[in-house]
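Enquirer: Pasting a predicted model and its sequence here:
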Amino acid sequence: MPADKAAKLYDLVMQLRQHVVNQPGYISGESLKSIDKPDVYLVISAWNGIDEWKAWLASEERAEIQNQIDTLLGKKTEYDIYEYRG
């Protein structure tokens, strides 16, 4: 990924993080970049429950920023939902 796109991606992810911290049910999150595949990013967020996550997923503010990310990357972001088994 060109440096200018990487910088823009970072800015957009930080915008998402600024918004998500105020969402009901949000616990924490982190953003990771693959060392072996530099064009692969993983964003992990923890929520009190699936309903709160779905509300965030459906929010207009998230969708607006996510659309910018998808346009920048040229593909749709993929989501997987996992359950904690500690």
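Expert: That came through fine.
Enquirer: tell me the contacts of residue 67?
Expert: Residue 67 makes contact with no residue, according to CB atoms under 8 Å, 6 or more residues apart in numbering. In short, each C-beta sits where N, CA and C put it, glycine included.
Enquirer: Only the buried residues of the helix or strand containing it, if you could.
Expert: In this structure, residue 67 is located in helix 60-73 according to DSSP states H and E. If you call a residue buried by 16 or more other CB atoms under 10 Å, then helix 60-73 has these buried ones: 62, 65, 66, 68, 69.
Enquirer: and these as a markdown table, adding pLDDT and distance to residue 51?
Expert: Rendered in a markdown table, the data for the buried residues of helix 60-73 read as follows (pLDDT from 0 to 100; distance: CB to CB, whole Å):
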| residue | pLDDT | distance to residue 51 |
| --- | --- | --- |
| 62 | 96 | 15 |
| 65 | 97 | 21 |
| 66 | 96 | 19 |
| 68 | 97 | 26 |
| 69 | 94 | 24 |
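Enquirer: In CSV, list those along with distance to residue 16.
Expert: As requested, these are arranged in CSV below (distance: CB to CB, whole Å):
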residue, distance to residue 16
62, 7
65, 5
66, 7
68, 10
69, 8
